[in-house]
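Colleague: Below is the sequence, then the predicted model.
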Amino acid sequence: MIEVENLTKEYGEFRAVDNISFTVEKGEILGFLGPNGAGKTTVMRILTCFFPPTKGKVMVAGYNCFEDSLNVRKRIGYLPQRVPLYEDMKVNDYLRFVAAIKGTPAKEVNRKAAKVMDDCGLSDVSNKLISTISGGYRQRVGIAQALVNDPEVLILDEPTVGLDPKQIKEIRNLIKELAGKHTVILSTHILPEVSILCGRVIIINKGKVVAEDRPENLATESAKRMLLRINGNAQTIEQELSRVGGIEGVEREQASGDGNGFIVVLEDEKQGRQGIQAMIERNKFELVEMRLLEISLEDIFIKLVTKEEV
Amino acid sequence: MNIRNVSLILNRELKSYFSSLTVYIVIIMFLLMTGYFFYNLTATFSIVSYQAQSDPMLAKQYQLLNINETVIRPLFGTIGMILLMMTPLLTMRLLAEEKKTGTIELLLTFPINDVDVVLGKYLACLVVVLTMILLTVTYPILLVVLGEPEVVPIGTGYLGLVLLGASAISLGLFTSSLTENQIVSASISFAMLFFFWLISYSAPLVSAGLGRFLSYLSINEHIESMSKGVVDSTDIIYYLCFIVLFLFLTLRSLETKRWR
């Protein structure tokens, strides 16, 4: 549905996007992850034909974004980052305007606007001025205007930024419902959002793709860490632990309750586990706790993003 | 160009105009100022006419007693100048505001051509300016009721005002496309409009040929002859070229924004 090939965008001397390629299948939700200034918004603006790329080819729904911009724009719904809306319009007037300008036949404009207000839970505020509604409703109006012409592709730039936890949950549910019917690309720098919403994630940093996979695969690829709590002489344990095969490193960890805490980075999970077990039996230590630490996307993200600088 | 899209943009802009206070204030100020000068001109005219009854020498100065020459022609000049001072206040928000608030990002990613956006916004402002001009029709109507002015110069004078206003909007829309700051847009508009207003002043300083050219460039020279009742095709062509030129530049300016 979306094909991006060797996309590069330069602002003068500054290269905001550097030779990015990726594809998105129909019905997929793709997460676009990266720190601020990574180039997420630039990629989205190119996908929505707001400006053309410096180099590279971008195809959306079978049309070239540069040569066939009108045909692409007919098939996308776009929610820009700060949700820019016409403050002086009422919610329903605004959605009718957007529906009409996106080419909905005059007879159907009212029906489509009413439907999308219903879907996005906007019926309560349909007669209010956009300048007077709350941030959560604003965001929903933004999503509603993107959805109003039933586009094949939805491009959402940080759809949950600045909302309270309840609103974030509502918006996420709304986006989840869209999967399957629409192809969605959403950008965010909030990591749990990606694991909740997206089937696939692309991490970019400084304009380059640094990782691309399913969120759960990204987690398993990285080295595993294990928390141990063992009763006994802390120094001896640390020495013994560092001799065990299959272990990359040992760190002291402030443990609450019984025993000394250690964080062990495993090179080979099975070998390390067996080695630790043998070591404990040999030295007659008392094992209090032993568990694999779940790696959060945060860790992977920080690792990937800071790798180059180290 | 797509008529439906143009009219959608036009409608939205008009609603936006009339839901803000600015337009009402601009219209009221415009009417107060033009009304004041209309009163001055007619008052002077009636005093001179009254004095002429007892002073034959004064009456001989025929020019002074022609209502077309002493009231209507200066009135059009004044309304034209006030119009030029007011239009930048109406055009400054057209594109600059969309850039400031970011709504331009949605507007330019809607499936419509840039031409539709530019024309829709242009026509919306034109409707407002036409309303302003139309409201001043009360002045010549008063003159027709109370005196006996020639009607043709009034009609052609209004044609000139409409063309003048339409030109000022085109230039204002262009300056609005250059910046996201409305004040900057209005300032550039004022400067450019006054440049086109005063450029004929330097005509006497240069050679005759260049002088004629500078006078031709001047935006108010053309309304001058129209308020006398003369409609010259070169005047009409001047205004139409002015309008098309700045609409074209606006379009180009929007396009370069896409390229940056």
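Modeller: Alright, I've got the coordinates.

Colleague: which residues does the residue in the stretch 101-250 of chain B that chain A sits nearest to contact?
Modeller: When CB to the nearest CB is the measure, the stretch 101-250 of chain B has its nearest residue to chain A at B:G102, with 3.4 Å between them. To be clear about C-beta, it is placed using only N, CA and C from the backbone, and glycine gets the same treatment. If a contact means CB atoms under 8 Å, 6 or more residues apart in numbering or on different chains, then B:G102 has A:P80, A:R82, A:P84 as its contacts.

Colleague: Quick one: name the residues of chain B near chain A.
Modeller: Among all residues of chain B, those adjacent to chain A (criterion: CB under 8 Å from any CB of the partner chain) are B:4-5, B:8-9, B:12, B:15-16, B:19-20, B:101-106, B:108-113, B:257-260.

Colleague: B:T175 reaches B:T87, doesn't it?
Modeller: No. Contact status for B:T175 versus B:T87: not in contact, 10.8 Å apart, counting by CB atoms under 8 Å.

Colleague: Chain neighbours aside, what residue packs nearest to A:E108?
Modeller: Among residues not flanking A:E108 along the chain, A:A99 sits closest, at 7.9 Å (CB to CB, 6 or more residues apart in numbering or on different chains).

Colleague: before we move on, what SS does that neighbour have?
Modeller: Secondary structure assignment for A:A99 (DSSP: H, G, I helix; E, B strand; the rest coil): helix.

Colleague: Run a quick neighbour tally on it.
Modeller: Using other CB atoms under 10 Å in any protein chain shown, A:A99 is surrounded by 25 other residues.

Colleague: For chain A, what lies in contact range of chain B?
Modeller: For chain A, the contact set with chain B under CB under 8 Å from any CB comprises A:11, A:45, A:48-52, A:70, A:73-74, A:76, A:78, A:80, A:82, A:84-89, A:93, A:97-98, A:100-103, A:145.

Colleague: Among the residues you listed, which ones are in helices?
Modeller: Among the residues of chain A next to chain B, the ones falling in helices (DSSP state H) are A:R45, A:L70, A:R73, A:K74, A:D93, A:F97, A:V98, A:A100, A:I101, A:Q145.

Colleague: where along the stretch 101-250 of chain A do the strands fall?
Modeller: A:153-157, A:183-188, A:200-205, A:208-213, A:224-231, A:247-253 (DSSP state E, counting those that start in this stretch).

Colleague: buried set for stretch A:2-22?
Modeller: Neighbour-count burial for stretch A:2-22, counted by 16 or more other CB atoms under 10 Å in any protein chain shown, picks out A:I2, A:V4, A:L7, A:K9, A:R15, A:A16, A:V17, A:D18, A:I20, A:F22.

Colleague: okay if I get those as a markdown table plus secondary structure and pLDDT?
Modeller: As requested, those are exported to a markdown table (DSSP: H, G, I helix; E, B strand; the rest coil; pLDDT from 0 to 100):
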| residue | secondary structure | pLDDT |
| --- | --- | --- |
| A:I2 | strand | 88 |
| A:V4 | strand | 89 |
| A:L7 | strand | 89 |
| A:K9 | strand | 89 |
| A:R15 | strand | 87 |
| A:A16 | strand | 87 |
| A:V17 | strand | 89 |
| A:D18 | strand | 88 |
| A:I20 | strand | 89 |
| A:F22 | strand | 89 |
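
Colleague: Looks like A:K181 contacts A:K26 (just checking).
Modeller: No. If you go by CB under 8 Å, A:K181 and A:K26 don't touch, sitting 9.9 Å apart.

Colleague: Tabulate the strands of the stretch 101-250 of chain A in CSV, adding columns for mean pLDDT.
Modeller: Putting those into CSV (pLDDT from 0 to 100) gives the following:
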stretch, mean pLDDT
strand A:153-157, 91
strand A:183-188, 88
strand A:200-205, 86
strand A:208-213, 82
strand A:224-231, 81
strand A:247-253, 79
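
Colleague: Which one of these lies nearest to B:Q182?
Modeller: With CB to CB as the criterion, B:Q182 lies closest to strand A:153-157 of the strands of the stretch 101-250 of chain A, at 25.8 Å.

Colleague: Return the list of strands paired to that closest one, each annotated with direction.
Modeller: Using DSSP bridges, strand A:153-157 pairs in its sheet with strand A:76-79 (parallel), strand A:183-188 (parallel).

Colleague: which residues make contact with the first one from outside it?
Modeller: I take that to be strand A:76-79. Residues from elsewhere that reach strand A:76-79, judged by CB under 8 Å, 6+ apart: A:44, A:47-48, A:60-61, A:142-143, A:145-149, A:151-157, A:159, A:182, B:105-106, B:109.

Colleague: ditto for the longest one
Modeller: Residues outside strand A:183-188 that contact it (CB under 8 Å, 6+ apart): A:1-2, A:24-34, A:40-41, A:44, A:47, A:152-161, A:175, A:178, A:194, A:197-198.

Colleague: Which helix or strand contains A:V43?
Modeller: A:V43 belongs to helix A:40-47 when elements are defined using DSSP states H and E.

Colleague: Run through who's touching stretch A:44-54.
Modeller: Contacts of stretch A:44-54 (CB under 8 Å, 6+ apart): A:2, A:4, A:7-10, A:17, A:32, A:58, A:60, A:65-66, A:69, A:72-73, A:76, A:78, A:155, A:157, A:185, A:187, B:105, B:108-109, B:257-260.

Colleague: Narrow those residues to those that are buried.
Modeller: With neighbours counted using 16+ other CB under 10 Å, those contain these buried positions: A:2, A:4, A:7, A:9, A:17, A:32, A:58, A:60, A:65-66, A:69, A:72-73, A:76, A:78, A:155, A:157, A:185, A:187, B:105, B:108-109, B:257.

Colleague: correct me, but A:I168 touches A:E158?
Modeller: No. With contacts defined as CB under 8 Å, A:I168 does not count as touching A:E158, sitting 11.5 Å away.

Colleague: got any ranges where chain A has weak pLDDT?
Modeller: By pLDDT under 70, the low-scoring segments of chain A are A:218-223, A:255-257, A:294-299, A:305-310.

Colleague: ok and the residue in it nearest chain B?
Modeller: Of all residues in chain A, A:P84 sits closest to chain B, with a separation of 3.4 Å (CB to the nearest CB).

Colleague: Just give me the neighbour total for that residue.
Modeller: Applying other CB under 10 Å, I find that A:P84 has 19 neighbouring residues.

Colleague: Who are the contact partners of it?
Modeller: By CB under 8 Å, 6+ apart, the residues touching A:P84 are B:T101, B:G102, B:T103, B:I104, B:E105, B:L106.

Colleague: neighbours around the third one, how many?
Modeller: B:T103 has 18 neighbouring residues, counting by other CB under 10 Å.

Colleague: Which residue, other than its chain neighbours, is closest to it?
Modeller: With sequence-adjacent residues excluded and distances taken as CB to CB, 6+ apart, B:T103 is closest to A:P84, at 4.3 Å.

Colleague: repeat for the fifth one
Modeller: When the adjacent residues along the chain are set aside, B:E105 lies closest to A:P80, with 4.7 Å between them (CB to CB, 6+ apart).

Colleague: neighbours of the one you found, just the number please.
Modeller: 24.

Colleague: From A:R73, how far off is it?
Modeller: Here the criterion is CB to CB, to the nearest Å. By it, A:P80 lies 14 Å from A:R73.

Colleague: do the same with B:H222
Modeller: Using CB to CB, we find B:H222 at a distance of 41 Å from A:R73.

Colleague: measure stretch A:242-262 end to end?
Modeller: Distance across stretch A:242-262, first residue to last, is 11 Å (CA to CA, to the nearest Å).

Colleague: Can I get stretch B:211-228 as CSV, trimmed to CA atoms?
Modeller: Included here for stretch B:211-228 are C-alpha records, laid out as CSV according to Å, rounded to 0.1, in the frame of the first residue of the first chain:
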residue,chain,number,x,y,z
GLY,B,211,7.9,59.7,-16.7
ARG,B,212,4.9,58.5,-18.7
PHE,B,213,5.9,54.9,-17.9
LEU,B,214,6.1,55.7,-14.2
SER,B,215,2.7,57.5,-14.3
TYR,B,216,1.3,54.4,-16.0
LEU,B,217,2.6,52.2,-13.2
SER,B,218,0.9,54.3,-10.6
ILE,B,219,-2.2,52.6,-9.2
ASN,B,220,-4.2,55.9,-8.7
GLU,B,221,-3.5,57.5,-12.1
HIS,B,222,-6.0,55.1,-13.6
ILE,B,223,-8.8,55.8,-11.3
GLU,B,224,-8.4,59.5,-11.9
SER,B,225,-9.6,59.4,-15.5
MET,B,226,-12.4,57.0,-14.6
SER,B,227,-13.8,59.4,-12.0
LYS,B,228,-14.1,61.9,-14.8
